[in-house]
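**Student:** Have a look at this fold, sequence not included:
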């Protein structure tokens, strides 16, 4: 039983494009732990949506289905109408930029330039285009001039920005950002908020940072025990203290 009805498609402008659609998504890990239990929702082009829930709610597991890192036990995922299946993974992974919570899981090269250039080079783009994309991606996250720096010498906030640049260099249309504000000091956190507000891509962002949610997102999806239990306007969900407490969350 849902605590809040998902927003109807009719609530949006008819010209709005569907960026991401999940239909009855289920996932069971080895040992039969059911991490996702029939998750269904739609993310629209340019829409920024927060995904909230307790640890173990299934948020990170869901994220790993968006570009085929995990495969569903049942149900389906589609990205701009293309099913997330093996034969489409190259195209899907160019459309969906996945940024992990820990930037050290994403940055592995000796220079910032090499990390940001990795995706475009893997796509087989010519060197001038690779360099242009690296320059544009770093500029978009405020990290221009850091091309020759060593990632491990950067602050956590700077490494998170470079991690985001590694996916922006692929020109994705969807950003999936796992706990992007975790570990940031107030200045870096405010910089991240400003950056995400400016980026045009559709976003799905699992987070525990409710103040961050309030500042950035207009829509919230609440998960608990592998299910969507509420989906609606951020203002309505954040003001529903009974709903939040029932699912182990705190209001702001």
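**Tutor:** Structure's in. What do you need? Values in this document were obtained by computation on a predicted structure and should not be read as measured data.
**Student:** Now do the same for residue 41: helix, strand or coil?
**Tutor:** strand (DSSP: H, G, I helix; E, B strand; the rest coil).
**Student:** That one and residue 230: what is the separation?
**Tutor:** With distances taken as CB to CB, to the nearest Å, residue 41 is found 11 Å from residue 230. All C-beta atoms are positioned from the backbone trio N, CA, C, and that covers glycine.
**Student:** quick one: residue 162 and residue 112 touch, right?
**Tutor:** Yes - counting by CB atoms under 8 Å, residue 162 touches residue 112, with 5.5 Å between them.
**Student:** what about the helices in the stretch 151-252 of the chain?
**Tutor:** With DSSP state H, counting those that start in this stretch as the criterion, the stretch 151-252 of the chain has helices at 156-168, 186-198, 210-216, 234-238, 241-246.
**Student:** Next, the angle helix 156-168 makes with the second one.
**Tutor:** Angle of helix 186-198 versus helix 156-168, following axes from the mean of the first three to the mean of the last three CA atoms, to 10 degrees, is 20 degrees.
**Student:** Mind checking the pLDDT average for helix 186-198?
**Tutor:** When pLDDT is averaged over helix 186-198, the result is 90.
**Student:** What of the fourth one?
**Tutor:** The average of the pLDDT scores along helix 234-238 is 96.
**Student:** quick one: contacts of that helix?
**Tutor:** 4, 50, 210, 213-214, 217-220, 222, 230, 243-244, 251-252 (CB atoms under 8 Å, 6 or more residues apart in numbering).
**Student:** Now with 6 Å, please.
**Tutor:** Applying CB atoms under 6 Å, 6 or more residues apart in numbering, the contact partners of helix 234-238 are 214, 217-218, 220, 230.
**Student:** Please apply the same query to stretch 214-232.
**Tutor:** Here stretch 214-232 makes contact (CB under 6 Å, 6+ apart) with 3-4, 6, 34-37, 39, 41, 48-53, 57-59, 193, 196, 234, 237-238, 247, 252.
**Student:** give me every residue that touches the most centrally placed residue in the chain.
**Tutor:** Central residue of the chain (CA atoms, centre = their mean): residue 176, 1.5 Å from the mean position. Taking CB under 6 Å, 6+ apart as the criterion, residue 176 is in contact with 63, 66, 98, 204.
**Student:** mind redoing it with 7 Å?
**Tutor:** Counting by CB atoms under 7 Å, 6 or more residues apart in numbering, residue 176 makes contact with 63, 66, 96-98, 204.
**Student:** again with residue 122
**Tutor:** Counted by CB under 7 Å, 6+ apart, residue 122 has zero contacts.
**Student:** Can you check the pLDDT for it?
**Tutor:** In this model, residue 122 carries a pLDDT of 88.
**Student:** try residue 52
**Tutor:** 97.
**Student:** So what sits opposite it in the bridge?
**Tutor:** residue 222 (DSSP bridges).
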